[in-house]
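K.L.:
missing the sequence, but the structure's below:
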C-alpha cells in the first residue's frame, strides 16, 4: 500500500505527464517538466537539459476568475520593457490564447498559463542590486496606462482588513486584540492617510520574485497584482528585509529607495509603516483563504503577524536602522 509521500509523488508524476502532453500540443513546447512549487498555485518548469525554456502555472482553483487572469495577462503583455525593467511574459499558444483551461487527470479543471523564464540570477544583498530593483519598480509603477488593464480588485480595503481581523480573532482573540491596538496606534499617527501615487501594484514584490541580469531586473509572479497605493510594493520589501539574515537592512532599503527615486520623510515613513501592516494582513488573508496549516504552525504565523504589526506601530523595522 502506498504511503502519503508515495501517493503525493505519484500524483505529481501523473500531472506532470499530462501537462507535458498538453503543452506539446497546445504550445509546441517540449522538454522535461517538473514541479517547482505545489501550493495554492501549482508551478512547473520546462527544461532542455540545464536550460529553462518556460514556466507553467496551474492557477488556484478558486479566487481567480477567467476575467481576472485575462487582466493579468493583458498587463504582462502591455508592460513596456526598458533598460532597467522586464517582466516574465505569457507565451501565446497555437490558437492565439495567453491562457487556457486544463483538465487534470482526476477530471478537475484549472486555468493554465505558460510564461517566459526570467533571465539572470537571484537578487543579492548588495546596495547595487537593491538600487537596480528600486529603479525597475519605478519604471513599472510609472507606466500609468497599466492601471486600466489590471485585475479589477482593490488590494487594500477597510472591509477586507476587518474580515481578516475577524478570522484572526477566530484563531486567537488575544492576537487580534494586540493587532488591533497596533493599528489604532498607526491611525493615531495619521499613517493610514492616503499619500503617494495610486496605480498598478505588483502585489507581491520580494527578492524571490526578481531576477537580475546586468542592469535589468525581471519581475515575475504577478498573481496578486491589482490597483492600489503603489507604496504598498515598497513596503513589501521592508517586510522581507525583516526576514533576511544577510546584508545591512538599512543600507539595502536606502539603496532601494534611491533607485526608485525617493528620499525618506516623516510622512513617507509613517505611510510605509501602515502599508507594511496592511501587507502582513494580506498575507494572513491569503493563508486563511488558500492554505491548510496545523495548529502549531498557525501559532507561529499568528505570532509573526502580531510581531510585525507591533514593529509597524513602533517604527522598529530593520530597514529603518541607520
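P.N.:
In hand now; what should we look at? What you are looking at is a predicted structure, and each value in this text was computed from that prediction instead of being measured. Numbers count the residues shown, from 1 in each chain.
K.L.:
CA atoms for contacts and neighbours, from now on please.
P.N.:
OK.
K.L.:
what's the local residue count around residue 292?
P.N.:
Look at residue 292: counted by other Cα atoms under 10 Å, it has 11 neighbours.
K.L.:
ramachandran coordinates for residue 38?
P.N.:
Here the main-chain torsion angles of residue 38 (degrees, to the nearest 10) amount to phi -110, psi 90.
K.L.:
now do the helices in the stretch 151-300 of the chain.
P.N.:
Secondary structure of the stretch 151-300 of the chain (DSSP state H, counting those that start in this stretch): helices at 158-171, 173-188, 231-243, 249-260, 266-290, 295-314.
K.L.:
can you say which of these is nearest to residue 26?
P.N.:
helix 266-290 (28.8 Å; Cα to Cα).
K.L.:
that older thread, in JSON lines: the helices of the stretch 151-300 of the chain, plus mean neighbour count.
P.N.:
Converted to JSON lines, the helices of the stretch 151-300 of the chain look like this (neighbours: other Cα atoms under 10 Å):
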{"stretch": "helix 158-171", "mean neighbour count": "15"}
{"stretch": "helix 173-188", "mean neighbour count": "17"}
{"stretch": "helix 231-243", "mean neighbour count": "21"}
{"stretch": "helix 249-260", "mean neighbour count": "21"}
{"stretch": "helix 266-290", "mean neighbour count": "20"}
{"stretch": "helix 295-314", "mean neighbour count": "17"}
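K.L.:
make sure residue 233 is actually in contact with residue 203.
P.N.:
Yes. Using Cα atoms under 8 Å, residue 233 is in contact with residue 203, at 6.3 Å.
K.L.:
and of the helices of the stretch 151-300 of the chain, who's closest to residue 131?
P.N.:
Closest among those, using Cα to Cα: helix 249-260, at 4.4 Å.
K.L.:
now the helix or strand of the chain with the lowest mean pLDDT, how far from the centre of its chain.
P.N.:
When each helix and strand of the chain is scored by mean pLDDT, DSSP states H and E, helix 4-27 comes last, with a mean of 91. Centroid separation between helix 4-27 and its chain, computed with Cα atoms, centre = their mean, to the nearest Å, is 25 Å.
K.L.:
mind listing what's buried along it?
P.N.:
Across helix 4-27, burial judged by 16 or more other Cα atoms under 10 Å covers 15, 16, 19, 20, 22, 23, 27.
K.L.:
out of the helices of the stretch 151-300 of the chain, which is closest to residue 3?
P.N.:
With Cα to Cα, the closest approach to residue 3 among the helices of the stretch 151-300 of the chain belongs to helix 295-314: 23.0 Å.
K.L.:
can you tell me the centre-most residue of the chain?
P.N.:
residue 204 (2.3 Å; Cα atoms, centre = their mean).
K.L.:
please name the nearest non-neighbouring residue to it.
P.N.:
residue 224 (6.3 Å; Cα to Cα, 6 or more residues apart in numbering).
K.L.:
is it true that that neighbour touches residue 202?
P.N.:
Yes. Residue 224 lies in contact with residue 202 (Cα under 8 Å); the separation is 6.7 Å.
K.L.:
what kind of secondary structure is residue 60 in?
P.N.:
Secondary structure, DSSP: H, G, I helix; E, B strand; the rest coil: residue 60 is coil.
K.L.:
report pLDDT for it.
P.N.:
Predicted confidence (pLDDT) for residue 60: 92.
K.L.:
try the one 10 residues further on
P.N.:
Predicted confidence (pLDDT) for residue 70: 98.
K.L.:
element containing it?
P.N.:
Using DSSP states H and E, residue 70 falls within helix 66-78.
K.L.:
quick check, residue 52 in a strand?
P.N.:
Yes. Assessed by three-state DSSP, residue 52 belongs to a strand.
K.L.:
and the gap between it and residue 130?
P.N.:
Note on residue 52: its distance to residue 130, by Cα to Cα, to the nearest Å, is 25 Å.
K.L.:
also residue 10?
P.N.:
Taking Cα to Cα, one finds residue 10 at 41 Å from residue 130.
K.L.:
equivalent analysis for residue 256, please.
P.N.:
5 Å.
K.L.:
where in the chain is pLDDT low?
P.N.:
Scanning the chain for pLDDT under 70 picks out 1-2.
K.L.:
care to break it down by domain?
P.N.:
Domain segmentation of the chain under the TED database yields 4-117, 122-320.
K.L.:
endpoints of the first one, how far apart?
P.N.:
Read that as domain 4-117. End-to-end distance (Cα to Cα), domain 4-117: 32 Å.
K.L.:
any idea how far it is from the chain center?
P.N.:
The answer for domain 4-117 is 17 Å, by Cα atoms, centre = their mean.
K.L.:
if we can go back for a sec, now the buried residues of helix 4-27 as a markdown table including distance to residue 100?
P.N.:
Formatted as a markdown table, the buried residues of helix 4-27 follow (distance: Cα to Cα, whole Å):
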| residue | distance to residue 100 |
| --- | --- |
| 15 | 16 |
| 16 | 17 |
| 19 | 12 |
| 20 | 15 |
| 22 | 11 |
| 23 | 11 |
| 27 | 11 |
